[in-house]
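>>> Quick check, what structure comes out for this input:
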Amino acid sequence: MRPRARVIYNPTSGKEMVKRNLPYILDRLEAAGYETSVYSTKAVGDATYEAARACEAEFDLVVAAGGDGTLNEVISGMASYPVRPKLGVLPVGTTNDFGRAMRIPLTIEGAMDVICTGYTMPVDIGKIEGTTGTHYFINIAGGGIMTELSYEVPSKLKTALGQLAYYVKGMEKLPQIRPTYVELEHERGIFKGEVMLFLTSNTNSVGGFEKLSPNASLNDGRFDLFILKKCNLVELIRVMRLALKGDHFSDPCIEHVTTSFVRMRNTSEMSLNIDGEFGGICEGEMTNLQSHFDVMTPKFRIDEMETINLQLQAQEQETNLA
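Numbers count the residues shown, from 1 in each chain. Model prediction:
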C-alpha cells in the first residue's frame, strides 16, 4: 500500500503561489511515491480541523503550505494525537520564520526537493495552557505591544508589500509603545518588572530576525526566553540594530535564559502572540514538548543541528562543573 500525503494549503498565501503551482506539487509527491490529496482552507481554523482529520485517517505525511499562521493551525490540529504524520512545510507566507529556521528554500521547487528527499528531523513545539484554553506554537510565543505587529497588519497589505508591511505598521505603532508589568517564572528564577516585550522562542528566526538566537537548538527540549526590559526609544532602536547582527545578548536592556517552561503571571493587560497570530489575553504556562514532530528537513540542517546540540551539551557540562 502506497503512503498517503495530505496537502493543506492557504490559497491566498504568497500571492496564490501554491494555488498556481498545485499540479507541480501533486506531480512531485506522486513521483516520490505518495498517494496525494489536497485541501484548500477557506476560513480561520480550517487547517486545524483538516490536520486533525489527517491524523485520524492515519495519513503518513501532512504538508502545510502557506505562512506561519497556516503552519500553526496545522500543528495545532495534530499536536494532541499520540501518533502524528510526518510534517512537510511549503513556506510561502510573508515572513516564513519556521521555514527560515529549518533552512527550507523559499521556493516551491526547493521546498518540494526537501519534502521529496525524505530526510526528517525531530522538532520541539510549545504548549500553552492558560486562561484562554490550550494553544500550541512551533516558532514563538510572546507578549507586549511590539509583538502585536504581525497580526495587526491587514492581509491585503502583506500581499501587496510583503515584509515591508511590517515595517510600515511598526513605524505607525512607535508612538504607542509603552512598557507593561509582568511576572515570568522560568528554570533560573523569576523576572518581575516592566517590559517592552518578551519572546519565548523555539528557533533562531523571529519576525525576520534570523540571528535572534543563532545557536538555538530545535530539539533540545528548551526555549530561548528573551525579555526586553523597560527602555526609551533610543535604547529600543539600539537593541533592534544589535539583534539584526546577533549582538544583543550583552545589552543591559535584554535578559536571556534557556528554559523548558515559562509561567506567565500578571499579564492580563498583555496580548499574546502565537506564531504571528493573536492568541488572546493569557495568563498561564508554556511547556516544551520535546521532539514532538518529525519535520522534513534538508540534510545539511540535520547535520548542523547535531553539531549545535553537541556544543550545547558541552557548555552545560562546563556550567555544571563550575
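>>> Helix, strand or coil: sort out Leu310 for me.
Of the three states, Leu310 takes helix under DSSP: H, G, I helix; E, B strand; the rest coil.
>>> Number of residues surrounding it?
10 (other C-beta atoms under 10 Å). (C-beta placed from N, C-alpha, C; glycine too.)
>>> And Phe261, by the same measure?
Neighbours of Phe261 (other C-beta under 10 Å): 17.
>>> where's the closest residue to it other than its chain neighbours relative to Arg222, distance?
Leaving out its chain neighbours, the residue that sits closest to Phe261 by C-beta to C-beta, 6 or more residues apart in numbering is Thr287, at 5.0 Å. Remark: distance between Thr287 and Arg222 (C-beta to C-beta, to the nearest Å) = 11 Å.
>>> any shared contact partners between the two?
By C-beta atoms under 8 Å, 6 or more residues apart in numbering, Thr287 and Arg222 have these common neighbours: Ser260.
>>> Now do the same contact list for the residue nearest the centre of the chain.
The centroid of the chain falls nearest to Asn139 when counting by C-alpha atoms, centre = their mean (1.9 Å). Contacts for Asn139 were tallied using C-beta under 8 Å, 6+ apart; they are 68, 72, 97-98, 101, 201-203, 205-206, 275-276.
>>> quick one: least confident of these?
Lowest pLDDT of the contacts of Asn139: Val206, 77.
>>> isn't that residue right up against Asp97?
Yes. Shown here, Val206 and Asp97 form a contact pair, counting by C-beta atoms under 8 Å, at 6.0 Å.
>>> which one is Gly77 nearest to, not counting chain neighbours?
Leaving aside its sequence neighbours, Gly77 sits nearest to Ala51 (C-beta to C-beta, 6+ apart; 3.0 Å).
>>> Distance check, the one you found against Val62.
6 Å.
>>> what's the overlap in contacts for these two?
Contacts common to Ala51 and Val62, judged by C-beta under 8 Å, 6+ apart, are 8, 74, 78.
>>> Redo these as TSV? Include neighbour count and secondary structure.
What follows is the shared contacts of Ala51 and Val62, written out as TSV (neighbours: other C-beta atoms under 10 Å; DSSP: H, G, I helix; E, B strand; the rest coil):
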residue	neighbour count	secondary structure
Ile8	28	strand
Val74	29	helix
Met78	23	helix
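>>> Okay, helices next: where are they in the stretch 151-300 of the chain?
155-161, 164-173, 233-245, 299-321 (DSSP state H, counting those that start in this stretch).
>>> what is in contact with Val206 and Asp97 at once?
139-140.
>>> how does the chain divide up, domain by domain?
Domain assignment of the chain by automatic domain parsing yields the ranges 4-118, 129-288.
>>> so where's the stretch 151-300 of the chain uncertain?
Residue ranges of the stretch 151-300 of the chain with pLDDT under 70: 151-176, 208, 267-268, 282.
>>> where along it do the strands fall?
180-186, 189-201, 223-229, 254-259, 261-265, 271-274, 277-281, 284-296 (DSSP state E, counting those that start in this stretch).
>>> winner for burial among these?
Stretch with highest mean neighbour count among those: strand 271-274 (a mean of 25; mean count of other C-beta atoms under 10 Å).
>>> Give me the sheet partners of that strand and which way each runs.
Strand 271-274 has its sheet partners listed here by DSSP bridges as strand 140-143 (antiparallel), strand 277-281 (antiparallel).
>>> Just tell me which of those strands ends up closest to Phe293.
Smallest distance to Phe293 across the strands paired with strand 271-274 (C-beta to C-beta): 15.9 Å, for strand 140-143.
>>> Spatially, and excluding backbone neighbours, which residue is closest to Tyr9.
Once flanking residues are discounted, Tyr9 sits nearest to Ala65: 3.6 Å by C-beta to C-beta, 6+ apart.
>>> What of Tyr24?
Ile108 (6.7 Å).
>>> need the contact list for the one you found.
17-18, 21, 24-25, 90, 92 are the contacts of Ile108 under C-beta under 8 Å, 6+ apart.
>>> TSV for these, including pLDDT, neighbour count and secondary structure?
What follows is the contacts of Ile108, written out as TSV (pLDDT from 0 to 100; neighbours: other C-beta atoms under 10 Å; DSSP: H, G, I helix; E, B strand; the rest coil):
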residue	pLDDT	neighbour count	secondary structure
Met17	90	19	helix
Val18	93	24	helix
Asn21	96	21	coil
Tyr24	98	13	helix
Ile25	98	23	helix
Leu90	98	33	strand
Val92	94	25	coil
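>>> what's the most distant pair in those?
Going by C-beta to C-beta, the pair spanning the contacts of Ile108 furthest: Tyr24 and Val92, at 13.0 Å.
>>> which non-adjacent residue is nearest Glu269?
That would be Thr180: by C-beta to C-beta, 6+ apart, it lies 5.7 Å from Glu269.
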